[in-house]
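Student: Curious how this folds, go ahead:
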Amino acid sequence: MSEKKKASLTTRILIAMILGAIVGGIIGAMGNPDWATIWLTEGIFRVVGQVFISLLQMLVVPLVFVSLVCGSSALSDPKVLGRVGGKTIALYLLTTGIAVTLALGAALLFKPGVGVEAAAATPASIAAGSPFTQVLIDMVPKNPVAAMAQGQMLPIILFSVLLGIAITLSGARGQRIGAWFNDMNEVIMKLVGLVMRFAPYGVFALIAILAATSDFAELKKLGKYVLLVFAVLFVHALVVYPTLLVLVGRLNPWMFLYKMRAAMLFAFSTASSNATLPITLETVRKRLGVSNKVASFTVPLGATINMDGTAIMQGIATGFIAQFYGIELGAGQFLMVVVMVILASIGTAGVPSVGLIVLAGVLSQVGLPAEGIAMILGIDRVLDMTRTAVNITGDATVTTLVAKSEGELDLDVFNDPEAGADFESATDEAEAPPERH
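Tutor: A predicted model of the protein is given here:
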């Protein structure tokens, strides 16, 4: 075995992001010549980046299904599951409410839409999201297999939890099935470790494409809006979440943020909560010390209903568009925005730019023209990456708080900076099968 210490996954991802930004920036500065577009941006980089995203998405459904069945079957008392679910949903709604309130307050205070010239974009055509009542109906899967094939997270979560409860109530037969799911969960985690080996190359490709194709003129044109969104996102991630960890959980917030850095970088590079879900789940288990009983339920649920970063974008974008068109929003309309953003986030897929779909519905409810979305379309990808990092940080914060309240948080693991360090152990162990006893 080599004596040389391997660079951590976080370090390798960070290096890949920097190199990708440099290479992409050079291609963009050259004016995206045909050869670079054909062979690199739309060729090698696109293939590598999309393969990486596909590998992550490949893991999501089996990981959520098996992990949730294991977690819910381990909770022998269904009342415990109900208590965990109640706490989780309440905290997710609270953090989303704080996020959109902060965003609207910042938009009113700094007025990012005043004095902005119209962007040279055509009116946006954004599909409307499902009404909340339909989301509730669709939570119950008519066909669980079809829900898994289509990646519908809420139906998968509900079916997995019910199956886990049924396993618990089935005695000896249920124990045998539960043992199979536990073994399968270990196999899937090894698969996660294998996929992680490809991570730096995928991140490099995704960032290179972004740097080569981004319209930095639009970023400058909408500079006040962009800076305000970034500022509120950072305040929420570095002030609101740490405050909750201290006040509610009596936990060290800086240790939490230190251990979340790899997952946050993943979320930033993929701009998808769902694609980052395997990384988030592994981080809260191995790095933060949350038991599988809690993590397997709260993290997938958070990737589906908790979108604090998205709520911040929607709150500021609503104020920005209202100010651009010179439309005054009353107190009732601001309250409507808060309620709409919270409700609309439930059941919305954790995929890139999904916030624009939700925003279209919010604008229509308060009487603002949906065409205003066209002004922010060109710069949304950069903001989407940052708000996804905030989204998954919120998922991990709530998961940690719920676990602490239930006595399912290993404080020795949480407080140890080296506990579960990155994912090298998982990838190294993947090379050799575990011994059978």
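
Student: low pLDDT regions in the stretch 201-350 of the chain?
Tutor: 215-219, 344-350 (pLDDT under 70).

Student: mind running it again at 80?
Tutor: 214-221, 304, 329-333, 336, 339-350 (pLDDT under 80).

Student: all helices in it, in order from the N-terminus.
Tutor: All helices of the stretch 201-350 of the chain, identified by DSSP state H, counting those that start in this stretch, fall at 216-221, 223-235, 241-247, 253-259, 261-270, 273-282, 292-305, 308-324, 331-345.

Student: Touching the fourth one from outside, list them.
Tutor: The list of residues contacting helix 253-259 from outside it, by CB atoms under 8 Å, 6 or more residues apart in numbering, reads 238, 241-243, 245-246, 283, 287-288, 393, 396-397, 400, 414-415, 417. To be clear about C-beta, it is placed using only N, CA and C from the backbone, and glycine gets the same treatment.

Student: Is Val382 in contact with Ser214, as I believe?
Tutor: Yes. Contact criterion CB atoms under 8 Å: Val382 and Ser214 qualify, at 6.5 Å.

Student: how about the helices of the stretch 201-350 of the chain, which one is nearest Glu371?
Tutor: With CB to CB as the measure, helix 308-324 is the member of these nearest Glu371 (9.0 Å).

Student: what's across from Leu409 in the sheet?
Tutor: Val290 (DSSP bridges).

Student: hang on, it packs against Arg285?
Tutor: No. Shown here, Leu409 and Arg285 do not form a contact pair, counting by CB under 8 Å, at 10.9 Å.

Student: Could you identify which of the contacts of helix 253-259 has the most neighbours?
Tutor: When neighbours are counted by other CB atoms under 10 Å, Thr397 leads the contacts of helix 253-259 with 31 neighbours.

Student: List the contacts of the residue nearest to that residue when sequence neighbours are not counted.
Tutor: Leaving aside its sequence neighbours, Thr397 sits nearest to Tyr241 (CB to CB, 6 or more residues apart in numbering; 4.5 Å). Contact analysis of Tyr241 by CB under 8 Å, 6+ apart lists Thr95, Pro253, Phe256, Thr393, Gly394, Thr397.

Student: before we move on, what about Ala107?
Tutor: Gly113, Leu228, Gly315, Ile316, Thr318, Gly319, Phe320, Gln323.

Student: how about 6 Å then?
Tutor: Ala107 sits next to Ile316, Gly319 when contact means CB atoms under 6 Å, 6 or more residues apart in numbering.

Student: From Leu343, how far off is it?
Tutor: Remark: distance between Ala107 and Leu343 (CB to CB, to the nearest Å) = 20 Å.

Student: now do Val337
Tutor: To Leu343, Val337 is 11 Å away according to CB to CB.

Student: Distance check, Thr388 against Ala16.
Tutor: Note on Thr388: its distance to Ala16, by CB to CB, is 17 Å.
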